[in-house]
Structure formats: C-alpha cells, structure tokens
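Any chance you could fold what I've pasted below:
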Amino acid sequence: MGIFHCNYCDIKSMFKRFKPHILMILAQVGYTILYLTTEASFKHGMNPHVYITYRQIVGALVMFPFAYVLERKVRPKLTATMLAEIFVLSLLG
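Predicted coordinates for the structure are as follows:
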C-alpha cells in the first residue's frame with residue numbers, strides 16, 4: 001500500500017511540476033486541429049464568415065457549462081449599471 005501511495009505522490013508532483021508544459025502542448029494540439037478543420041472547410045467551399053460564426057457558436061456552447069458551474073458563486077449581480085457597461089463595451093467592440 002505504501003509503495004502505491006508513494007508512486008501516486010510522485011506522479012502528482014510531476015504533474016504539478018510540468019503542468020504549464022502539458023497545457024501548452026494541449027493548446028498547440030488544439031490550434032493544429034483548428035487549423036486542419038479550417039483548411040478542410042475552406043477547400044470544400046465554405047464561406048469564411050459562416051465558418052467564423054459556427055466557430056464562435058461552438059466555442060460559446062463548449063465554454064458555457066464551465067463558466068456557469070465554476071463561477072456560480074463569483075458572478076456579480078446584474079444591475080442597471082452592469083447592463084449599461086455591457087452595452088457600451090459591446091458598442092465599442
């Protein structure tokens with residue numbers, strides 16, 4: 001039992017040590033997949049504006065559950081001032 005616990009701690013400490021490296025590799029893999037998908041879509045005649053719209057929709061749908069669950073208690077109240085800020089920022093781009 002002690003041997004397995006020690007190996008688990010070693011793996012955990014290695015993951016903690018190399019976490020930035022692992023995340024950068026995963027980011028590069030994600031960018032590569034996105035690039036290949038983009039190239040394949042454009043070669044099949046998809047309009048770039050339509051592709052960007054689809055990409056934004058898929059990104060929002062993927063991130064929404066994480067944002068909703070992980071930041072549930074940190075979310076500020078939606079007041080009139082907050083709505084005005086969102087409106088002005090959306091106008092500015």
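
The worst-scoring helix or strand of the chain on mean pLDDT - contacts with which helices or strands?
Within the chain, no helix or strand scores below helix 2-43, which has a mean of 85 by mean pLDDT, DSSP states H and E. Judged by 3 or more CB pairs under 8 Å, 6 or more residues apart in numbering; DSSP states H and E, helix 2-43 is in contact with helix 48-70. C-betas here are computed from N, CA, C, even on glycine.

contact partners of the helix it packs on?
Contact partners of helix 48-70, identified using CB atoms under 8 Å, 6 or more residues apart in numbering, comprise 34, 38, 41-42.

Give me the residue at the spatial middle of the protein.
Centroid-nearest residue in the chain, with CA atoms, centre = their mean: Met63, separated by 6.0 Å.

State the number of residues packed around Thr38.
15 (other CB atoms under 10 Å).

Can you give me the distance of Lys77 to Ser90?
As for Lys77, its distance to Ser90 is 19 Å (criterion: CB to CB, to the nearest Å).

now swap in Pro65 and tell me
23 Å.

just Ala27 next, same as before
Relative to Ser90, and taking CB to CB, Ala27 is found at 27 Å.

try Tyr35
Tyr35 is 29 Å from Ser90, by CB to CB.

now swap in Phe15 and tell me
From Phe15 over to Ser90 the distance is 39 Å, taken as CB to CB.

what do you get for Met63?
Distance of Met63 to Ser90, given as CB to CB: 18 Å.

any idea how far Lys73 is from Val50?
The spacing between Lys73 and Val50, counted by CB to CB, is 38 Å.

of the two, who's got more company?
Shown here are Lys73 and Val50; by other CB under 10 Å, Val50 has more neighbours (10 against 5).
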